[in-house]
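Chemist: output the structure for:
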Amino acid sequence: MEIYLFKRDEATLGLQFEFDRATIDIIKTLPGRRWVPEASL
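Modeler: Numbering: from 1, shown residues only. A predicted model of the protein is given here:
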C-alpha cells in the first residue's frame, strides 16, 4: 500500500491512501488527528 503525505498549509499535513480499515484504525490513534470530510475524495 502506498500512503502519500503532503503539506496542506503551515500547520497541517494530509494523508492520501486507498481505503483500508486497518490503516484508518491506526491513523485514528494519532494524537491531534482530524478528519476533514471536504478534503476527502
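
Chemist: shouldn't residue 18 be in contact with residue 1?
Modeler: Yes - between residue 18 and residue 1 there is a contact under CB atoms under 8 Å: 6.5 Å. C-betas here are computed from N, CA, C, even on glycine.

Chemist: could you pull out the helices in the protein for me?
Modeler: 21-27 (DSSP state H).

Chemist: do you have the strands of this structure handy? List them.
Modeler: For the chain, the strands defined by DSSP state E cover 4-9, 12-16.

Chemist: pick the most deeply packed of those strands.
Modeler: Each of the strands of the chain was scored by mean neighbour count; the highest is strand 12-16, a mean of 11, by mean count of other CB atoms under 10 Å.

Chemist: mind saving the C-alpha coords of that one as PDB?
Modeler: Taking C-alpha atoms only, strand 12-16 is exported to PDB below (Å, rounded to 0.1, in the frame of the first residue of the first chain):
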ATOM      1  CA  THR A  12      -1.400  20.800   8.700                       C
ATOM      2  CA  LEU A  13      -0.300  17.600   6.900                       C
ATOM      3  CA  GLY A  14      -2.500  15.500   4.800                       C
ATOM      4  CA  LEU A  15      -2.600  11.800   4.000                       C
ATOM      5  CA  GLN A  16      -3.900  10.100   0.900                       C
END
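
Chemist: any low-confidence regions in this protein?
Modeler: The chain contains residues with pLDDT under 70 at 41.

Chemist: as a quick check, tell me the outermost residue of it.
Modeler: Most distant residue from the mean C-alpha position of the chain: residue 10, 16.1 Å away (CA atoms, centre = their mean).

Chemist: re the thing from before, export the strands of the chain to TSV and tack on distance to residue 35?
Modeler: Shown next, in TSV, are the strands of the chain (distance: least, CB to CB, whole Å):
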stretch	distance to residue 35
strand 4-9	13
strand 12-16	10
